[in-house]
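Chemist: I'll drop the sequence and a predicted model, then ask my questions.
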Amino acid sequence: MAANNDTIGRTITVTVLLCVVCSVIVSAAAVLLRPMQIENKELDRQSNILAAAKIDYAGKDVQKLFAEQIVTKYVNLATGKYVEKPEGYKDSKRAAKEPSLSRALTRSEDIASIKRTANVMPVFLVNKDGQLDKVILPVHGYGLWSTLYGFLALENDLNTVVGFGFYTHGETPGLGGEVDNPKWKALWPGKKIYAEGSMEPKIGLVKGAVDKSAPGAEFKIDALSGATLTSNGVTNLVQFWMGKNGFAGYLSNLKAGES
């Protein structure tokens, strides 16, 4: 009986020691790999900004290319003007959760179902020969299962789409997940956000194939087949961020040279 108890005790001791050792290894790996994870996340963000702007980064040093091609600025959404990066500001996603760095949206304002917006948002500019060539804007909003985060790039007329894509979402593969399909993303370049003389966004997804010869076709993109709620979510998030509670004030100021 004593020998049996001794065996049980040893088993428990070995199990506990094994758990402790494994915990130490996992914790150490997490700490050691954290800088690499942060770097990879930043590289992915930069790659997606370059992709939205149609800047080829394949086989190139993404960090170097980004530094050469992209100028990052910060915009106060309430004024539409450039500001310094706020103290304690890490990124817009975390800022939106901080009451001191964000504001709650009313039900009528919150068409993208995001609840809060950061007071200050980053914008990314591409300059050419000393003049603005493109502007890339971060956008996000809720689809069917998840919040979709992406970038929308505009030509220097601040109205024509250069490129659009999401870098993270949890939509259903083969349905809402088709937002990642290159064929669908290829429908966006050349589309218009606003009608002439207006800063009220008209762009949106519609059921069926868009008749390119029909009036207003320049504002319409084919909806995702079998993914009505995701399609509605994409329309809502684009219209929110291009509207008065998003970047419309900034784009209007930029057109007037007042940002």
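Modeler: Right, received. Where do you want to start? Note that the structure is a prediction, hence the values are computed from the model and not measured.
Chemist: quick check: pLDDT value at the closest residue in space to Asp91 that isn't next to it in sequence.
Modeler: Spatial nearest neighbour of Asp91, chain neighbours left out: Pro122 (7.9 Å); criterion: C-beta to C-beta, 6 or more residues apart in numbering. Using the backbone N, CA and C atoms, a C-beta is placed for each residue, glycine as well. For Pro122, the pLDDT comes out at 97.
Chemist: so which helix or strand takes in Pro122?
Modeler: strand 120-128 (DSSP states H and E).
Chemist: neighbouring strands - and their directions - for that strand?
Modeler: Partners of strand 120-128 in the sheet, by DSSP bridges, are strand 70-76 (antiparallel), strand 131-142 (antiparallel).
Chemist: could you list the residues in contact with that strand?
Modeler: Residues outside strand 120-128 that contact it (C-beta atoms under 8 Å, 6 or more residues apart in numbering) are 49, 53, 55, 69-77, 83, 85-86, 89, 91-92, 95, 101, 132-138, 151, 247, 250.
Chemist: one more: stretch 200-215?
Modeler: 161, 187, 191-195, 216-217, 219-224, 228, 231-232, 234-235, 238-239, 242-243, 248.
Chemist: quick one: which of those sit in helices?
Modeler: Thr228, Ser231, Asn232, Val234, Thr235, Val238, Gln239, Ala248 (DSSP state H).
Chemist: mind picking the lowest-pLDDT entry from those?
Modeler: Confidence-wise, Thr228 trails the rest of the ones in helices among the contacts of stretch 200-215, at 94.
Chemist: tell me which helix or strand comes right after the lowest-mean-pLDDT helix or strand in the chain.
Modeler: For the chain, the helix or strand with the lowest mean confidence is helix 2-52, at a mean of 73 (criterion: mean pLDDT, DSSP states H and E). Once the chain leaves helix 2-52, the next helix or strand it forms, by DSSP H and E, is helix 62-69.
Chemist: TSV for the ones in helices among the contacts of stretch 200-215, including neighbour count and distance to Val16?
Modeler: Formatted as TSV, the ones in helices among the contacts of stretch 200-215 follow (neighbours: other C-beta atoms under 10 Å; distance: C-beta to C-beta, whole Å):
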residue	neighbour count	distance to Val16
Thr228	15	53
Ser231	25	53
Asn232	18	53
Val234	28	51
Thr235	20	56
Val238	26	55
Gln239	19	57
Ala248	20	61
